[in-house]
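S.K.: build me a model:
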Amino acid sequence: MFVERDRSAGEDTVQERRDAAQNDKRILGHVVQCDGARATIAAFADDEDGAITGMWTVGKMISINLGPIRTVGLVYAIGKADRHWNPGDQNAIEVSVELIGEVRDGLPSASGTFDRGITQYPHIGAVAHRIRTRDLQAVYDLAGRRSVTVGSLSQDESIDACIAIDDTLARHFAVVGTTGVGKSTAVSLLLRKTIEARPDLRVLILDPHNEFASALPEYSYRIDTGSLELPFWLFRLEELAEVLFRGREVVPEELDVLRDLIPIAKSAYKSTNSGTIVRRGQDSMTADLPVPYRIADLIRLIDERMGLLDSKTDRPALKALRTRIESAIADPRYRFMFASRLIEDSIHETIGKIFRVPHNGRPVTCFEMAGLPSEVVNSVCSVLARLAFDLALWSEGKLRLLLMCEEAHRYMPSDPNLGFAPTRHALSRIAKEGRKYGCFLGVVTQRPGELDPTILSQCSTVFAMRLANEQDQAIIRSAIADSSASTLSFLSSMGQREAIAFGDGIATTMRFKFERLAPDRIPGAGKHHEADVVAGVGGEVDLAMIVDRLRNQQRPAAASLASAEPADPTRQAGDPGYRRAPFPEPPSTQPAPREEQRGEFRNTSFGLRR
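M.R.: As a prediction, this is how the structure comes out:
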């Protein structure tokens, strides 16, 4: 297998692990210490002529020859025992190696098979050398699992870095890294590779910075605050209370009133629609049931309760609740919930638009939340996460969904006293049970130390990019196997687009560099380009447009009213025979207007007041 030092003739087999033109002493070392998890190799930093070889470097994999078995190790430290450099003689060094596994020659793979763990430990004097390409490929071989290429190895750029896409999705994954290291670009690349490998997958991206729509223009639809349709009756009681109280502490008396009156308002809507008498029992309503009801009916019920003689003590709470509801209805930022006074059962259209059923060639929904009121973000995320799990559950595995949470520490903070409990519960449910029903979770954060540890522990595949914070590094170290812990010592010094991947979707802990994306496919590139166009020559800014966006009162398009559907004045929404026109989908094979090419939704009837 190897050329002995006292032999002048080479072996018959090609030695890929070593350059035959180089002196053996330049690249070979010998094991002088081993404790079961780590080993120390004695070698030389220069050759006999005094030239520094640079063959032993931190972060590289090496191989230790044990006959039919080659032990694979990772160099994590190099040093000279005397801390002195001798220019007149060879300089002996000590190479500290963490043992990762071993490669065996023979079947089932001609290039050898890699096994994690050590069955035969290196003996003192065993020959160590830089790993050959064939063995390095065996280390990262996925053993026949469906894989996608996401980059190349940092040690050898000729070897592709591959991940097992099915295992990465099914057991959830996380992408962590500090700001500016290419985290969003890596997510965009992973999504592209995932969609190509899994065309049946629907993806919902919670995008707080409005940047992913430009990175996935051919796959995505963009939903923003101007095109979002999320009726208030889809919200559960806790979620609606979060909106009405605007993030402040909920008043129990007012919450009890909502719990009592919302089912009555739903029953009133149902009885008006069907013309039947609503009976208690199996047909009774609850405040959490996603059934339409009219805000006007709810306010009327509050007024009726205030007029009762025995409700004198409850009138302050009833009056305050009525004021909250009217304030939310009048707030232009909440138009996506309360904009239409014509209430109808539009749950099919709402879910179909958000979760792309059917997807018509665009399976990704970019839900842009930059313009969404901060006190509503938690409730909206809770509704979307809950709907995603329920759709996957009741579709019996036919609908495969991936929920991508950008800046996930906002929705799932580590402090249980922060954040919104229903959002945490909805995402935790996906993390714990989603894989059984085809609902997957992708977590993206720059502060893993501030993320709920329950969520992160359920992410079986982690892509760790550069992290400077010691607390964040400690969280990642706690999630990696002990046999690869030394790899994470490079977390604070990795380059752009470089990451350390470990978990079920990876053969073994892998340091690699993501593929380079085209400039127009980088998240946020389109937004910056539009900003440059708006600025124009001389850097002038359209202040009126900025103020309109600040007030969340966007200028209506001239054609928006013309495309609205006229309502029948003799019928009320919810009555038999009342229907809205189906939402038009742009053709996937023909050229579309600019707005449709960018995947923007335009309201036609939702939001119009009569």
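
S.K.: wait, what's in contact with Ser374?
M.R.: Contact analysis of Ser374 by CB atoms under 8 Å, 6 or more residues apart in numbering lists Gly247. C-beta coordinates here come from the backbone N, C-alpha and C atoms, glycine included.

S.K.: what about it, distance to Thr365?
M.R.: If you measure Ser374 against Thr365 using CB to CB, to the nearest Å, the figure is 21 Å.

S.K.: do the same with Thr168
M.R.: Using CB to CB, one gets 21 Å for the distance from Thr168 to Thr365.

S.K.: next: Val150.
M.R.: For Val150, the distance to Thr365 (CB to CB) stands at 23 Å.

S.K.: when those two are compared, which one has more neighbours?
M.R.: Legend: neighbour count by other CB atoms under 10 Å for Val150 and Thr365, higher for Thr365 (27 against 24).

S.K.: so the more buried one is in which element?
M.R.: Counting by DSSP states H and E, the element that carries Thr365 is strand 364-368.

S.K.: which other helices and strands contact that strand?
M.R.: When contacts are defined as 3 or more CB pairs under 8 Å, 6 or more residues apart in numbering; DSSP states H and E, strand 364-368 sits against strand 201-207, strand 220-223, helix 347-354.

S.K.: what is the neighbour count of Pro413?
M.R.: Residues within reach of Pro413, counting by other CB under 10 Å, total 17.

S.K.: who's in contact with it?
M.R.: Applying CB under 8 Å, 6+ apart, we find Pro413 in contact with Gly419, Glu450, Leu451, Asp452.

S.K.: name the nearest of those relative to Leu66.
M.R.: Of all the contacts of Pro413, the one sitting nearest Leu66 is Leu451; the distance, using CB to CB, is 41.9 Å.

S.K.: determine the longest helix present in the chain.
M.R.: For the chain, the helix with the greatest residue count under DSSP state H is helix 252-274.

S.K.: which residues in the stretch 201-350 of the chain form helices?
M.R.: When assigned using DSSP state H, counting those that start in this stretch, the helices of the stretch 201-350 of the chain occupy the ranges 237-244, 252-274, 295-306, 315-330, 335-338, 347-354.

S.K.: mean confidence for the fourth one?
M.R.: In this model, helix 315-330 has an average pLDDT of 90.

S.K.: got the angle for that helix vs helix 252-274?
M.R.: Here helix 315-330 points in a direction 60 degrees away from that of helix 252-274 (axes from the mean of the first three to the mean of the last three CA atoms, to 10 degrees).

S.K.: return the list of helices and strands in contact with helix 315-330.
M.R.: In this structure, helix 315-330 packs against helix 237-244, helix 252-274, helix 295-306, helix 335-338, with contacts taken as 3+ CB pairs under 8 Å, 6+ apart.

S.K.: kindly reformat those helices as CSV containing distance to Leu230.
M.R.: Formatted as CSV, the entries for those read as follows, by distance: least, CB to CB, whole Å:
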stretch, distance to Leu230
helix 237-244, 10
helix 252-274, 17
helix 295-306, 15
helix 335-338, 5
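
S.K.: turn these into a markdown table, columns for distance to Ile100 and mean neighbour count.
M.R.: As requested, the helices and strands packed on helix 315-330 are exported to a markdown table (distance: least, CB to CB, whole Å; neighbours: other CB atoms under 10 Å):
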| stretch | distance to Ile100 | mean neighbour count |
| --- | --- | --- |
| helix 237-244 | 47 | 21 |
| helix 252-274 | 55 | 18 |
| helix 295-306 | 62 | 17 |
| helix 335-338 | 51 | 20 |
